[in-house]
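1. build me a model from this:
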Amino acid sequence: MKLIRFLVMVAVILGVIGYFRGWYSVEKTGDEKFTVSINKNKVKEDAARAAEKTKEVAEKVADKVAKKKTMKGRLVTWNPLTRSIVLESQDGTKTTFQTDEKALTTEILSGLVSKQVTVTYVKKDDKLVATAIK
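-> So this is what the prediction gives:
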């Protein structure tokens, strides 16, 4: 019984939201007749937006779960053979990172050597893995 009430409540909420979002319209065509028109394009657009927003939120949550950190400094070297970079912080400390092959391409990294950057990284198996460089 609680499940039926819950489903009815969800249907009513979606009905109200859908009406105000323009997913459908109701028109009176006669004394006792109504016509319901569904705007499929609007429903698809809103569904795509919702999927995109969900993906963004999921990525933010995944970043927090993965405990990503950032470090600022000068990119000293980029070794394409070992796929590693060395970052020198303001106090002169040098830190070596492995690079994430998917996120960091040779084109991106070669143009950043000797520049001030912010490295986003995670710790995996006692190694620091750079996932993004800005």
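2. can you pull the contacts of the nearest residue to A132 once chain neighbours are set aside?
-> Distances taken as Cβ to Cβ, 6 or more residues apart in numbering place T120 nearest to A132, at 4.1 Å, with adjacent residues excluded. Every C-beta, even on glycine, is put in place using the N, C-alpha and C of the backbone. By Cβ atoms under 8 Å, 6 or more residues apart in numbering, the contact list for T120 reads K68, K69, T70, A130, T131, A132, I133, K134.
3. my guess is Q116 contacts K72. True?
-> Yes: under the criterion of Cβ atoms under 8 Å, Q116 makes contact with K72 at 7.1 Å.
4. ok so, going back, mind listing what's buried in whichever strand or helix holds the residue nearest to A132?
-> Assigned by DSSP states H and E, T120 belongs to strand 116-124. For strand 116-124, the neighbour count (16 or more other Cβ atoms under 10 Å) marks V117, V119, T120, Y121 as buried.
5. could you dump those residues to a markdown table with distance to K28 and pLDDT?
-> Shown next, in a markdown table, are the buried residues of strand 116-124 (distance: Cβ to Cβ, whole Å; pLDDT from 0 to 100):
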| residue | distance to K28 | pLDDT |
| --- | --- | --- |
| V117 | 63 | 92 |
| V119 | 62 | 90 |
| T120 | 57 | 89 |
| Y121 | 62 | 88 |
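6. can you put those in JSON lines and add distance to V43?
-> As requested, these are exported to JSON lines (distance: Cβ to Cβ, whole Å):
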{"residue": "V117", "distance to V43": "43"}
{"residue": "V119", "distance to V43": "42"}
{"residue": "T120", "distance to V43": "36"}
{"residue": "Y121", "distance to V43": "41"}
